[in-house]
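> everything below, folded, please.
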Amino acid sequence: MVFFSFGKKWVKKRLEPAPFFTKIHKGTKPFELHPEILIYSAMSKRGKRGVASFQKNYKEEDYKIDFDKNNHPVGAMSSPFMSWFGLKVRQTFPYHIDTKDFERSRWEELWLDTKRLWNIQTDGAKKFMLKKAKKLCTKFRSRLVINYVNKEKRPFEKYAYLDPAHWDEFVQKKTSKEFLDISEKAKASAGANTNFSRLGRTGFAGLDAKTDIIWPLLEAKYPYLKTIQDKRAKAWIMSKKIKNPETNSYELAPDSHETIERLVRTEREMIEDGSYFAGKDDPIVRVMGREHGGRTRAVSELIGSTQVHGGLFNSSKKRARRCNSLDANKERGSVSWVDKNSGGPIISYPPIEKLTPCEMLFPFQVSDELTVAIGQIWPTSDRILHGKLISEGFVKVQVDNVIEGCEKMPVLEVTKIVDIKCVGDMLHCFVQWPRDAIKIVNKETSIRSVSFLRTNPRLDSSSHTGA
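Residues are numbered from 1 along each chain as shown. Alright, predicted model coming up:
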């Protein structure tokens, strides 16, 4: 039998075998849990994240974790993994010793234990996870100081696995003049940050996996967010969310509105003047300043901007390179769209049999999915437009709406006619648009998009249905 803590009440519970429970010692008493036990006290009420208890038994095959391109844990087990990892760190590294004083071998052992339990086959995520471990160590010591040392309390009721024998030593160290001087500087630095992120244990990687759920809810409440295209800006905005317990929906933190509105305006200005595609910065850098070493906004607090996989602004650079590489083809009045993976000829798409709602993507960098207009594709059997044959790889599109901020963006030479020189000129017209720059959407999605645009006083909302 072992003791569990629920609030202030200790109860006995028989454990079923599970990989989380490494060594269970019979007769264990409260506050005397064996150092290798990975089961700790838990808060009895929801609302504030407490110490995990790991009551759920997972199957052996569940102990697998995936990592994204920046080595963040992702997937269904990412949250349990990070819960386990945080507890493992606090169990392995005694709280009275400063993080910087642990030998390298201790960190190596932590990683080996993590690999064994979670079936991690490579060391690709090792560097990031050990950085994370050191950060967790430091943050935990800070919590002990703020919540216990400064309030003259003891933490052993909540953190039963801590060794009380070292508490006086810890208190003496954290109340010394040397520490207090360092603490004041840290407080001043932290006080300058007014844009607090609200993330779970899995950070921005976990937030990214929920984008399809969170972002539409925010758009519904704040329609002006619909114009945001930049993925990093979206991630930063989502990190300011607060869940309303009454409506069970998301809202933006009151102190974040001014900055978010500046992001929206700045992105629109960057798109209009072309700097959005130059690859030198993005809306977040324009509004908040350059990135500092060792962390990257809306990516990670442990990855520097130069270490972000693929480069922080490389997507914009690709847009610019694509734009330049198409200049010659634009002058000739035609563009061939080639499958980049195969190096082969024009991609083959299934035929469009009927009028189909779509989003029109910026054709100079399709992979970024920058939506510039909303319309409807005509059947691909209709190959005549303005009395001429439609170019190979292009389709006939009826343009119903133009996204605000995209009016002055360029179009391909094959799309241009006497009255159409840029995206804004396409409104209520028929144009030919590259098929690989078309995103088919269902009717409901199309209605939502058009509905949003109709709320924008700058855009006329009526659809053109003439030939």
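
> what about stretch 123-130, distance to the chain center?
19 Å (C-alpha atoms, centre = their mean, to the nearest Å).

> partners of the longest strand seen in the chain, with directions?
In the chain, with assignment by DSSP state E, the single longest strand is strand 394-402. Partners of strand 394-402 in the sheet, by DSSP bridges, are strand 371-377 (antiparallel), strand 430-434 (antiparallel).

> show me what the mean pLDDT comes to for the first one.
Regarding strand 371-377, the rounded mean pLDDT is 93.

> which residues does the helix or strand just after that strand contact?
Downstream of strand 371-377, the first helix or strand assigned by DSSP states H and E is strand 384-385. The contact list for strand 384-385 (C-beta atoms under 8 Å, 6 or more residues apart in numbering) reads I390, K396, F430, V431, Q432. Quick note: C-beta positions are derived from backbone N, CA and C, even for glycine.

> what is the mean pLDDT for strand 384-385?
Strand 384-385 comes out at a mean pLDDT of 90.

> paired strands for it, with orientation please.
strand 388-389 (antiparallel).

> and the partner strand, how far out from the chain middle?
Offset of strand 388-389 from its chain centre (C-alpha atoms, centre = their mean): 45 Å.

> got it, and stretch 407-427?
Stretch 407-427 has its C-alpha centroid displaced from the chain centroid by 34 Å (C-alpha atoms, centre = their mean).

> try stretch 299-310
Here stretch 299-310 is found 13 Å from its chain centre; the criterion is C-alpha atoms, centre = their mean.

> just the residues contacting it, thanks.
Residues contacting stretch 299-310 (C-beta under 8 Å, 6+ apart): 69-70, 72, 128, 131-132, 135, 203-204, 232, 235, 291, 293-296, 312.

> this structure: strands as residue ranges?
Going by DSSP E, the chain shows strands at 2-6, 9-13, 66-67, 73-74, 241-244, 249-252, 356-361, 371-377, 384-385, 388-389, 394-402, 430-434, 438-440.

> for Y148, which non-adjacent residue is spatially closest?
Excluding the flanking residues, the one nearest Y148 by C-beta to C-beta, 6 or more residues apart in numbering is P155, at 4.7 Å.

> revised request: answer the last question for E369.
By the measure of C-beta to C-beta, 6+ apart, the closest residue to E369 outside its immediate chain neighbours is L361, 5.7 Å from it.

> can you check S275 too?
Spatially, and ignoring its direct neighbours in sequence, S275 is nearest to D281 (7.7 Å; C-beta to C-beta, 6+ apart).

> show me which positions of stretch 173-191 end up buried.
Buried residues in stretch 173-191, counted by 16 or more other C-beta atoms under 10 Å: K173, K174, S183.

> now, which of the residues you listed lie within helices?
In this view, the buried residues of stretch 173-191 that belong to helices under DSSP state H are K173, K174, S183.

> flag whichever of those residues scores worst on pLDDT.
S183 (85).

> dump the strands paired with strand 394-402 into JSON lines; add distance to F93 and mean neighbour count as well.
Converted to JSON lines, the strands paired with strand 394-402 look like this (distance: least, C-beta to C-beta, whole Å; neighbours: other C-beta atoms under 10 Å):
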{"stretch": "strand 371-377", "distance to F93": "48", "mean neighbour count": "23"}
{"stretch": "strand 430-434", "distance to F93": "56", "mean neighbour count": "23"}
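
> turn those strands into a markdown table, columns for distance to H386.
Compiled in a markdown table, the strands paired with strand 394-402 are given as follows (distance: least, C-beta to C-beta, whole Å):
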| stretch | distance to H386 |
| --- | --- |
| strand 371-377 | 16 |
| strand 430-434 | 8 |
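
> nearest to E109 among these would be which one?
strand 371-377 (49.6 Å; C-beta to C-beta).

> what's the neighbour count on H309?
Residue neighbour count, defined by other C-beta atoms under 10 Å, stands at 12 for H309.

> how near is it to N70?
5 Å (C-beta to C-beta, to the nearest Å).

> max-length helix in the protein?
helix 126-144.

> can I get that helix as CSV, trimmed to CA atoms?
What follows is helix 126-144, C-alpha atoms only, in CSV (Å, rounded to 0.1, in the frame of the first residue of the first chain):
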residue,chain,number,x,y,z
LYS,A,126,18.5,15.5,-26.1
LYS,A,127,19.9,19.0,-26.2
PHE,A,128,16.5,20.6,-26.0
MET,A,129,15.1,18.3,-23.3
LEU,A,130,18.2,18.9,-21.1
LYS,A,131,17.8,22.6,-21.5
LYS,A,132,14.2,22.2,-20.5
ALA,A,133,15.3,20.1,-17.4
LYS,A,134,17.6,22.9,-16.2
LYS,A,135,14.8,25.5,-16.8
LEU,A,136,12.4,23.3,-14.8
CYS,A,137,14.9,23.0,-11.9
THR,A,138,15.4,26.8,-11.8
LYS,A,139,11.7,27.5,-12.0
PHE,A,140,10.9,25.1,-9.2
ARG,A,141,13.4,26.6,-6.9
SER,A,142,11.9,30.0,-7.7
ARG,A,143,8.4,28.7,-6.8
LEU,A,144,9.7,27.4,-3.4
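
> buried stuff in that helix?
Within helix 126-144, the residues scored as buried using 16+ other C-beta under 10 Å are 126, 128-134, 136-137, 140-141, 144.

> residues in contact with that helix?
70-72, 85-86, 89-90, 93, 95, 98-99, 102, 107, 110-111, 114, 155, 170, 174, 301-303.

> first to last residue in stretch 214-231, what's the distance?
14 Å (C-alpha to C-alpha, to the nearest Å).

> residues in contact with L312?
By C-beta under 8 Å, 6+ apart, the contact list for L312 reads R232, D282, E291, T296, V299, S305, T306.

> right, and the first one touches R297 too?
Yes: with contact defined as C-beta atoms under 8 Å, R232 and R297 form a contacting pair (7.4 Å).

> show me what contacts L207?
Taking C-beta under 8 Å, 6+ apart, we find L207 in contact with L199, G200, I214, A235, M238, S239.

> the nearest residue to the fifth one once chain neighbours are set aside: how many residues sit nearby?
So the one you mean is M238. Setting aside the residues directly before and after it, M238 is nearest to I214 in space (C-beta to C-beta, 6+ apart), at 5.3 Å. Other residues within reach of I214, judged by other C-beta under 10 Å, total 19.
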